[in-house]
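**Student:** here is the input, now give the coordinates:
(one chain, ligands or ions: 1)
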Amino acid sequence: MTKKILRSMFSMAFVILVASFLILLGALYSYFTNLQADRLRSEMNLAAYSVSEDGISYLENLQSTDFRLTWIGADGSVLYDTHFNAEEMENHSQREEIQSAFATGEGESSRYSSTLTEKNLYYAKLLEDGTVLRISTSYAAVPMLVLGLLPPFVLVFGFALVLAAILSKRLSNRIVAPLNDLNFDEPLENNTYDELSPMLVHMEQQRRQITQQLSELKKQQNEFAAVTKDMKEGLVLLNEQERILSINAAAMSFLEIKDAHAGEDFLVIERNREIDQLLQKALQNGSSEGQISKHGSIFQLNASRIMADDKTSGVVLLIFDVTEKVFAERNRREFTANVSHELKTPLHAIMGSAELLESGLVKTEDIPRFVGQIRTEADRLLSLIEDIIRLSQLDEKRDLPMETLRLDEIAKKELDALSTSAAAHQVTLSLEAKEITLYSSQQLLHEIISNLCENAIKYNHAGGKVTVALEKTDALAMITVTDTGIGIPLEDQARVFERFYRVDKSHSKETDGTGLGLSIVKHAVEYLGGTIHLTSTVGKGSQIRVTLPLNKK
Ligand code: ADP
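**Tutor:** The predicted structure follows:
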């Protein structure tokens, strides 16, 4: 703006200067022309007098070259000319100034002479003898005079031009200074040109509007951030170029993104071809979904296109952690398959024995053995079904009755119940317990102790030992079942808690195992909010420690 003002001011000064210069030049030109004409007249008067007195001799003796004198006879013929040969010159009676002199006594004209290429000023005067004397001079003398004045003029013009430039600069700076100092944060506080008032008032209105809109936008953004922050689902908002508009904490944690800022390219942060394809599909078709595995977890991704004014403005990506769901579904499928298989085995045995009995092919003395087999397999089937029912109850996480219980008393009762089995396996059962009261589930405590003790007896050697130790701290009760049995190989230790998992299938069959005991224990402990820990050495024995809260809320 300063430059523009400066340029216009300087141009104006330049135009004024040039105009003044031209006007001055014109004035000088006319002044010198008049001066020339006056001089011509006075020279003429002098020459007319002299010619009247001395005749042609005056003209012949005239030395001056400044003026040209022509003496014309009454018939218009040239009698004498100071610059040309009179005899060669044509009749002058038709010349304007001559005609006027013959008519009025005086004549004046200016024209390009036929003999000279320059413009001349003519002045003619009728003498008393009827002849006419004409004096003439060239106009070229006037511009020469004016040109002579040019150098000082140019000097003055240059000086004026420099002065105009300096003044224009100063003035434009002074005009612009208040504009540069305008306070746009508080437009009405400005003390500047009155002409700017409407604009400043308008600016103030706009400023208020923008501030209000900004704070509203900020409020909405905060609300959005607050809502999405605690969402369990991951939420990513992207524009049509897949740049981040918003990403919540859950999405960052799911995708293990440490740092993400608005405006960043999502695919630079999360280099995953599947996600890219999913987003592209959503941008083209409106929506898309898929599952990805990442860092041992499985995520369900749902992407939907966002439209604004019939144009794609972005895409919203929702991320759900479905790991548990997928694994639960897988477990359920495996469990169903295992259950069918496990149920079939005793049933086939029962069917086989029953068919043989029915066919009458079994000898009378063998009948009790077949009936006994049917009974054993039926028992096995029953305990399998009972275990399955218990597990599915625990799976459903149904509310179980909770009460204040004496752990030592429950353990004693369980051991008493198992004493026959222990004796049959030639295993010594012992309890090391003090009085422990806890708020828990009778049924689950029974499952935990009986299953652990049954295993410790079953997988023991004749003459082996099983010790149940009960301890407590301020908040916890500990049940430790130690045996001197066969032990569990290290590679199987993590898997023995899985459903239907058995270390040695053939041996387990002998021991009437269902493969569900430790799975039930694990679920019961989890239900009560406790932990379970197994240590075992093959050939030496195993120890399983269960820690339970004294007061399960
Ligand atoms: P089961 O009904 O076969 O005993 P469990 O789930 O109780 O099923 O145990 C799973 C497997 O873990 C058993 O088949 C057995 O091989 C092993 N096991 C469990 N407890 C012991 C133990 N105290 N000593 C040795 N092996 C054990």
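**Student:** mind listing the strands for the stretch 51-200 of the chain?
**Tutor:** With DSSP state E, counting those that start in this stretch applied, the stretch 51-200 of the chain shows strands at 68-72, 78-81, 106-112, 119-126, 132-138, listed in chain order.
**Student:** any idea how far the first one is from the middle of the chain?
**Tutor:** To tie it back to what came earlier, the one meant is strand 68-72. 98 Å (CA atoms, centre = their mean, to the nearest Å).
**Student:** same for it, what does it pack against?
**Tutor:** helix 56-61, strand 78-81, strand 132-138 (3 or more CB pairs under 8 Å, 6 or more residues apart in numbering; DSSP states H and E). For glycine as for every other residue, the C-beta is placed from the backbone atoms N, C-alpha and C.
**Student:** hmm, who's touching the shortest one?
**Tutor:** This points to strand 78-81. 56, 59-60, 68-73, 86, 89-92, 131 (CB atoms under 8 Å, 6 or more residues apart in numbering).
**Student:** quick one: mean pLDDT for it?
**Tutor:** Across strand 78-81, pLDDT averages out at 90.
**Student:** kindly report the same for stretch 168-187.
**Tutor:** For stretch 168-187, mean pLDDT is 83.
**Student:** got the CA coordinates for it in CSV?
**Tutor:** Extracted in CSV, the C-alpha atoms of stretch 168-187 (Å, rounded to 0.1, in the frame of the first residue of the first chain):
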residue,chain,number,x,y,z
SER,A,168,6.1,11.6,-1.4
LYS,A,169,7.9,8.9,0.5
ARG,A,170,7.6,10.7,3.8
LEU,A,171,4.0,11.6,3.2
SER,A,172,3.0,8.0,2.1
ASN,A,173,4.8,6.6,5.2
ARG,A,174,2.9,9.1,7.4
ILE,A,175,-0.5,8.2,5.7
VAL,A,176,0.2,4.4,6.1
ALA,A,177,1.6,4.5,9.6
PRO,A,178,-1.8,4.6,11.4
LEU,A,179,-3.0,1.8,9.2
ASN,A,180,0.1,-0.3,10.1
ASP,A,181,-0.5,0.4,13.8
LEU,A,182,-4.1,-0.8,13.7
ASN,A,183,-5.0,-3.1,16.6
PHE,A,184,-7.1,-5.8,14.9
ASP,A,185,-7.8,-7.5,18.3
GLU,A,186,-9.7,-4.5,19.5
PRO,A,187,-10.8,-2.7,16.3
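**Student:** related to what we said a few turns ago, deepest in the core, which of the helices and strands packed on strand 68-72 is it.
**Tutor:** Greatest average neighbour count among those goes to strand 132-138 (a mean of 23), per mean count of other CB atoms under 10 Å.
**Student:** whichever strand or helix holds Leu237: partners in the sheet, and parallel or antiparallel?
**Tutor:** Here Leu237 is covered by strand 234-239, with elements defined by DSSP states H and E. Here strand 234-239 has these sheet partners by DSSP bridges: strand 244-247 (antiparallel), strand 311-321 (antiparallel).
**Student:** tell me which of those strands sits nearest to the ligand.
**Tutor:** Closest approach to the ligand among the strands paired with strand 234-239 is made by strand 311-321 (29.4 Å; CB to the nearest ligand atom).
**Student:** in the closest one, what counts as buried?
**Tutor:** For strand 311-321, the neighbour count (16 or more other CB atoms under 10 Å) marks 314-321 as buried.
**Student:** likewise stretch 185-205?
**Tutor:** 187, 190, 200, 203-204.
**Student:** and what of stretch 516-527?
**Tutor:** For stretch 516-527, the neighbour count (16+ other CB under 10 Å) marks 516-525, 527 as buried.
**Student:** filter these down to the ones near the ligand?
**Tutor:** 516-519 (CB under 6 Å from any ligand atom).
**Student:** for the residue in the stretch 301-450 of the chain that the ligand sits nearest to, give me its contacts.
**Tutor:** Across the stretch 301-450 of the chain, the shortest distance to the ligand (CB to the nearest ligand atom) belongs to Asp387, at 7.9 Å. By CB under 8 Å, 6+ apart, the residues touching Asp387 are 514, 516-517, 520.
**Student:** lowest-confidence entry in those?
**Tutor:** Lowest pLDDT among the contacts of Asp387: Thr514, 81.
**Student:** confirm that that one sits in a strand.
**Tutor:** No - assessed with DSSP: H, G, I helix; E, B strand; the rest coil, Thr514 is coil; it does not lie in a strand.
**Student:** these two touch, right, it and Leu384?
**Tutor:** Yes - using CB atoms under 8 Å, Thr514 is in contact with Leu384, at 4.9 Å.
**Student:** can you check which residues contact both of these two?
**Tutor:** Glu342.
**Student:** about what we covered before: between the contacts of Asp387, which is nearest the ligand?
**Tutor:** The closest of these, once distances to the ligand are taken by CB to the nearest ligand atom, is Gly517, at 2.6 Å.
**Student:** who are the contact partners of the closest residue to that closest one other than its chain neighbours?
**Tutor:** Nearest non-adjacent residue to Gly517, counting by CB to CB, 6 or more residues apart in numbering: Asn451, 4.2 Å away. Contact analysis of Asn451 by CB under 8 Å, 6+ apart lists 517-518, 520-521.
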